[in-house]
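> Need the 3D shape of this:
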Amino acid sequence: MKSLPGTALIAVILLVNLCATAASAQTTGNVTPPHKVFLDTDIGDDIDDVFALGLLLSSPDIQIVGISSAWGDTAVRSRMIDRLLCETGREEIPVATGISKTGPGAGAFSQRPWASKGIDHQHADAVALLLDQIKQNPGELTLVAIGPLTNIGAAIDRDPTTFRELKGVVLMGGSVYRGYDEDHGFITAAPPNAEYNIAMDPAAAQKLFHSGVHIYMMPLDSTQISFDETKRNLLASLSTPLTDAIQVLTAEWTRTTHSHTPTMFDAIAAAYAIDPNTCPTTPINIDVDAEGFTRVVRAAPNAEACLEPHPEEFFKLMIPRLLSQNLTGTHACVEPAKHAVTQ
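Okay, the predicted model is just below:
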């Protein structure tokens, strides 16, 4: 008996998982209210933010109560979020524009061409929207923070009491025992680095780790999981507004960065917000230094960190959701083309 090729095997696994999920729902009859999340993202630079947002949008068990753009050109980032929500028919989700801080070492806005074609809208202030949603959902709202933490630090400064009413913060950030894997661990274990989301605004990260809010940390140790060619081909086999957008945005990211295999950094945090079993955590105390290193100190835990990658659990969650969704908008999501007027 011949073995199935990789793509076909994944498709069979997907079908089995979907059938099992449907059978379980029919058997139990239980209906659990969607878990409320607020997403803060620097979408448009690396491609992992798009996978993170796509996963959350594809999850019926998640209610996104707001999305804020973070870091750099936050106005165009908001425009990009608007277009993704329009393409997927999810325009009811509020979008807010964050603080446009930037600094040395900031990433390139690789997906600007696609983002800039979206329709321009007015947006609320990111910090105000986050605090308002916390007030409306005290103790029930999880903040998923997958960019530099400037908006988060500003929210703590503005109203630390309200900020502490969060259920928790799922953070993609930090480097505890393992840094950026240039050789994917084949030659030598990478020492800890000042991870990007922390290093771009260490002062804001320090405020978060001293805020008293429960932090679920997805550092470099657990988030360097590759979206390999087999999975990329499987995603390309389906055409929906979301998967089509992912394909185009991945191509723009590749053209700018000359990289071909996305790393799922931020998508790991999104998956954890949906199901904590995708990345089990360990209590830890983290101190953030002025350069953005996240050092372990001997003190009472101020976070829980996932310290090992769990690719099988992650992909078992993400792949079926991306391939079973059929999110579709109802109207045009780009600015009309402007034609030159001839005399």
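> Every contact and neighbour count from this point should use C-alpha atoms.
OK.
> Could you measure from the closest residue in space to F265 that isn't next to it in sequence over to R298?
Distances taken as C-alpha to C-alpha, 6 or more residues apart in numbering place T223 nearest to F265, at 4.5 Å, with adjacent residues excluded. From T223 across to R298, the span is 24 Å (C-alpha to C-alpha, to the nearest Å).
> helix/strand/coil for L323?
helix (DSSP: H, G, I helix; E, B strand; the rest coil).
> separation between I62 and H35?
5 Å.
> Common neighbours of these two, please.
Common contact partners of I62 and H35 (C-alpha atoms under 8 Å, 6 or more residues apart in numbering): I274.
> Identify the residue spatially nearest to L238, adjacent ones excluded.
Residue nearest to L238 in three dimensions, not counting chain neighbours: L323, with 7.0 Å by C-alpha to C-alpha, 6+ apart.
> Q325 contacts L56, correct?
No: contact criterion C-alpha atoms under 8 Å: Q325 and L56 do not qualify, at 11.1 Å.
> who has more neighbours, those two?
Taking neighbours as other C-alpha atoms under 10 Å, Q325 and L56 compare with L56 leading, 24 against 19.
> Who are the contact partners of the more buried one?
Per C-alpha under 8 Å, 6+ apart, neighbours of L56: I62, I64, A270, A271, I274.
> Quick check: the farthest pair among those residues?
The most widely separated members of the contacts of L56, counting by C-alpha to C-alpha, are I64 and A271 (13.7 Å).
> can I assume the residue nearest to L238 is in contact with S239?
No: between L323 and S239 there is no contact under C-alpha under 8 Å: 9.3 Å.
> Spatially central residue for this protein, please.
In the chain, the residue lying closest to the centroid (C-alpha atoms, centre = their mean) is A52, at 3.4 Å.
> coming back round to it: if I look at the residue nearest to L238, how far off is D49?
Taking C-alpha to C-alpha, one finds L323 at 18 Å from D49.
> Please identify which of these two sits among more neighbours.
D49 (23 against 20).
> Excluding sequence neighbours, find me the nearest residue to that one.
Closest to D49 by C-alpha to C-alpha, 6+ apart is I43, at 5.2 Å.
> Over to R295?
Computed as C-alpha to C-alpha, 6+ apart, the closest residue to R295 that is not its neighbour in sequence is D287, at 5.1 Å.
> Confirm V31 sits in a helix?
No: secondary structure of V31 (three-state DSSP): coil, not part of a helix.
> and it, how many neighbours?
Count around V31 with other C-alpha under 10 Å applied: 8.
> Could you report the separation of it from L141?
From V31 over to L141 the distance is 19 Å, taken as C-alpha to C-alpha.
> quick one: low-confidence ranges for the stretch 51-200 of the chain?
183-188 (pLDDT under 70).
> now the helices for it?
Taking DSSP state H, counting those that start in this stretch as the test, the helices found in the stretch 51-200 of the chain are 74-87, 112-116, 126-136, 150-158, 160-163, 196-199.
> Next, format those as CSV and append distance to L235.
Shown next, in CSV, are the helices of the stretch 51-200 of the chain (distance: least, C-alpha to C-alpha, whole Å):
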stretch, distance to L235
helix 74-87, 17
helix 112-116, 19
helix 126-136, 32
helix 150-158, 33
helix 160-163, 38
helix 196-199, 27
